[in-house]
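K.L.:
Here's a sequence, model it:
(chains A and B)
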Amino acid sequence: QMAQSPSSLSASVGDRVTITCQASQDINNFLNWYQHKPGKVPKLLIYDASRLGTEVPSRFSASGSGRHFTFTISSLQAEDIATYYCQQYASLLTFGGGTKVGIK
Amino acid sequence: QLQLQESGPGLVKPSETLSLTCTVSGDSISGSSYYWGWIRQPPGKGLEWIGNIYYNGGAYYTPSLKSRVTIAIDTSKRQFSLDLISVTAADTAIYYCARWFALGGTKYFDYWGQGTLVTVSS
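P.N.:
Okay, the predicted model is just below:
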């Protein structure tokens, strides 16, 4: 199980945004982060808990290991409006509940 | 460029079987570093992983759906499929097929189909 929080947030352009995921057991670094925009397919942003995906802007970052993980957008842009999901693969696969990010 | 395309009925009656096919183009479906998966998203809800299959037919599923799901693969047709039996309205969702890259400890969904909406209703 992956407990993701918050379920939604609103922030201003330029703000720092942080999302957390907590695993019910130690999952090492077997965690990915995806961005899902309305009407689009999910896009991989972060793999292995902290590695940036291909052509992903450097304002996205993530960290963590074991049970606690953090995803950060250092300076929120209008095009970052989306729902973000963590996903563990230490034991089968599970997505977190998602965090819907909006603009104030 | 790898492409995946879901196909199948958009409307299924309650208690019947939901059947979808994903056709892969642009790359081999038999690569040793890849699995092929199904994910769904009910209206207004989050993503739910359904299951993955390897080119040799080995499959694994999420426990909550395991008793109702079968994923199969036909490498000669470059297709893999999803069967979900005894559907209810709770199975209404956008269904995505995707490629699961798996090399050592690094694994992730890297390519996705566009998704297909399946509605369960009489």
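
K.L.:
in chain A, which residue is closest to the centre?
P.N.:
In chain A, the residue lying closest to the centroid (CA atoms, centre = their mean) is residue A:33, at 4.2 Å.

K.L.:
Quick one: mean pLDDT over stretch A:79-98.
P.N.:
Stretch A:79-98 comes out with an average pLDDT of 97.

K.L.:
Going by neighbour count, which residues in it are buried?
P.N.:
A:80, A:82-90, A:93-98 (16 or more other CB atoms under 10 Å in any protein chain shown). C-beta: built from backbone N, CA, C; applies to glycine.

K.L.:
Keep the residues you listed, but drop any that are not near chain B.
P.N.:
Restricting these to those touching chain B (CB under 8 Å from any CB of the partner chain) yields A:83, A:85, A:87, A:89, A:93-98.

K.L.:
out of the residues you listed, which are inside strands?
P.N.:
Using DSSP state E, the members of these that fall in strands are A:83, A:85, A:87, A:94-95.

K.L.:
quick one: which of those is nearest residue B:35?
P.N.:
Within these, distances to residue B:35 taken as CB to CB reach their minimum at residue A:87, with 14.1 Å.

K.L.:
distance of that closest one from residue A:20?
P.N.:
Using CB to CB, to the nearest Å, residue A:87 is found at 14 Å from residue A:20.

K.L.:
now, which of the ones next to chain B among the buried residues of stretch A:79-98 sits nearest residue B:80?
P.N.:
Once CB to CB is applied, the member of these that ends up nearest residue B:80 is residue A:93, at 16.2 Å.

K.L.:
Of all the residues in the longest strand along chain B, which ones are buried?
P.N.:
The longest strand of chain B (DSSP E) is strand B:93-103. For strand B:93-103, the neighbour count (16+ other CB under 10 Å) marks B:93-102 as buried.

K.L.:
Many thanks, have a good one.
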